[in-house]
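Undergrad: give me coordinates for this.
(one chain, ligands or ions: 2)
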Amino acid sequence: MSKAGLRADFSNRRAQMTREFRENAAEQLVKRLSESPFAISGETVGAYVPVGSEPGSVRFLDILAELGATVLLPVVPDGDPAPLNWVAYDPSSSLERRRWGLLEPAGGPLGVDAIDIASVIFVPALAVDAAGVRLGRGAGYYDRTIHRTAAELVAVVYDHEVVDELPGDPHDIPMGWALTPGGGFRRLG
Ligand SMILES: Nc1nc2c(c(=O)[nH]1)N(C=O)[C@@H](CNc1ccc(C(=O)N[C@@H](CCC(=O)O)C(=O)O)cc1)CN2
Ligand SMILES: Nc1ncnc2c1ncn2[C@@H]1O[C@H](COP(=O)(O)OP(=O)(O)OP(=O)(O)O)[C@@H](O)[C@H]1O
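TA: Ligands and ions are numbered 1, 2, ... in the order given. Sure, this is the predicted structure:
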């Protein structure tokens, strides 16, 4: 199946999840952080603010910060897809509704290079396969952003979204890990 067809299928399935299912999953993901195979305390960690039925929560970001991480959140640049910009997450400051319904922090962006010092990046995905191929939303923001990073790349997905094989493109950056509510951190590749 084409990437577009797969995107539609995984998105539809997410749209059918109940609120209770999503909230349970979000709480499980928070608990999984205590099992992280990498250090969080003292590290710079990339993460994202989930919108709609994306897995995760603002609480997940708060716990990362409580565990001692500096949390960077992506900001979509104006215009055509280009590398993501980054803002440090401050639990006490507000998130603003932006393009495509995304929630982004209000603070001043640190620049596209800010993510270079991250040791772990939690990456939003619709699905990921056993080799680490990630299915994103199809604008290519993350592939343009993480191609030079040495960070551990963790695709955050629901359990049924870790699949045997997805169609890959040469520009796709492989994920090293999947994080799911039921399975925790799983190595890929
Ligand atoms: N929570 C969250 N933040 C994120 C991402 C994400 O997947 N989740 N991104 C992950 O990359 C980046 C944003 N990427 C996005 C790419 C496409 C669309 C989107 O809805 N596109 C429309 C097309 C709209 C149009 O062209 O006017 C669509 O697909 O229907 C949204 C976000 C950065 N921040
Ligand atoms: N490093 C890159 N340089 C230039 N173009 C790129 C790069 N990575 C991806 N693209 C382009 O971006 C578009 C979307 O790519 P792809 O389908 O892999 O998106 P995605 O990873 O699913 O999306 P996202 O990262 O926004 O969640 C494609 O047209 C692709 O050619």
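Undergrad: surely residue 73 touches residue 48?
TA: Yes. The pair formed by residue 73 and residue 48 meets the contact definition of Cβ atoms under 8 Å, at 6.4 Å. C-betas here are computed from N, CA, C, even on glycine.
Undergrad: which stretches of this structure form helices?
TA: Secondary structure of the chain (DSSP state H): helices at 3-15, 19-32, 58-66, 141-145.
Undergrad: what pLDDT does residue 148 get?
TA: pLDDT for residue 148: 80.
Undergrad: can you tell me the closest non-neighbouring residue to it?
TA: In space, and not counting its chain neighbours, residue 148 is closest to residue 116: 7.4 Å by Cβ to Cβ, 6 or more residues apart in numbering.
Undergrad: what do you get for residue 105?
TA: Spatially, and ignoring its direct neighbours in sequence, residue 105 is nearest to residue 87 (4.4 Å; Cβ to Cβ, 6+ apart).
Undergrad: ditto for residue 33
TA: Of all residues not flanking residue 33 in the chain, residue 63 sits nearest, at 5.7 Å (Cβ to Cβ, 6+ apart).
Undergrad: so which bits of this protein are right by ligand 1?
TA: Contacts of the chain with ligand 1, taken as Cβ under 6 Å from any ligand atom, map to 48-51, 54, 74, 76, 84, 100, 102, 124, 136-139, 141-142.
Undergrad: one more pass at 8 Å, please.
TA: 7, 48-51, 54, 74-76, 81, 84, 99-104, 123-125, 136-142 (Cβ under 8 Å from any ligand atom).
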